[in-house]
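Asker: structure of the sequence below:
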Amino acid sequence: MKEKNQVVPDEVLSKEFLSQFKTEADVSKFLKQLHAQVLEKMLEGEMDAHLGYEKNSIAGNNTGNSRNGSYPKKIQTEQGEAIISIPRDRKGQFEPIAVPKHESRGLSIEKLVISLYAKGMSVSDIEKEMRDIYEI
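Answerer: A predicted model of the protein is given here:
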């Protein structure tokens, strides 16, 4: 018997939750919003890794660099166009990986790994970086 490849637990997909979707357009709109939210959370994780402390942590006091708000960025997704918030740091050193600067499309995990490898990172370094950034 084949096992189902369940990404989302059944508890999340309750009847109450699913009742909000009446048409395929409703589902598409939700997926577009979900994709944007996931990218924003990934970028927040990247910023945490870049600065070395989590948002609102006292560990960041007097570190020399800190968060400096965010800016909106229009990106192209499989679900269409979306506007996401890209975090920035005071020194302007933050280089997002999930949605690189000057690009309107995010990198897939595969392309991300290939680009990091091409920049000279070892496989173990890439694995550690991915775990740190995306909490895999």
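Asker: show me the helices in this structure, by range?
Answerer: 15-18, 24-51, 109-118, 123-134 (DSSP state H).
Asker: export the first one to PDB, keeping only CA atoms.
Answerer: Right, helix 15-18. Below are the C-alpha coordinates for helix 15-18, written out as PDB (Å, rounded to 0.1, in the frame of the first residue of the first chain):
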ATOM      1  CA  LYS A  15     -13.700  21.400   7.900                       C
ATOM      2  CA  GLU A  16     -14.000  24.800   9.600                       C
ATOM      3  CA  PHE A  17     -10.900  26.100   7.900                       C
ATOM      4  CA  LEU A  18     -11.700  24.700   4.500                       C
END
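Asker: what pLDDT, on average, does that helix get?
Answerer: For helix 15-18, the mean pLDDT works out to 88.
Asker: so the residue nearest to A59 when sequence neighbours are not counted versus R67, what's the distance?
Answerer: What sits nearest to A59 in space, not counting adjacent residues and going by CB to CB, 6 or more residues apart in numbering, is Y53, at 4.1 Å. Yep, even glycine has a C-beta here, placed from its N, CA and C like the rest. Going from Y53 to R67 by CB to CB, to the nearest Å gives 10 Å.
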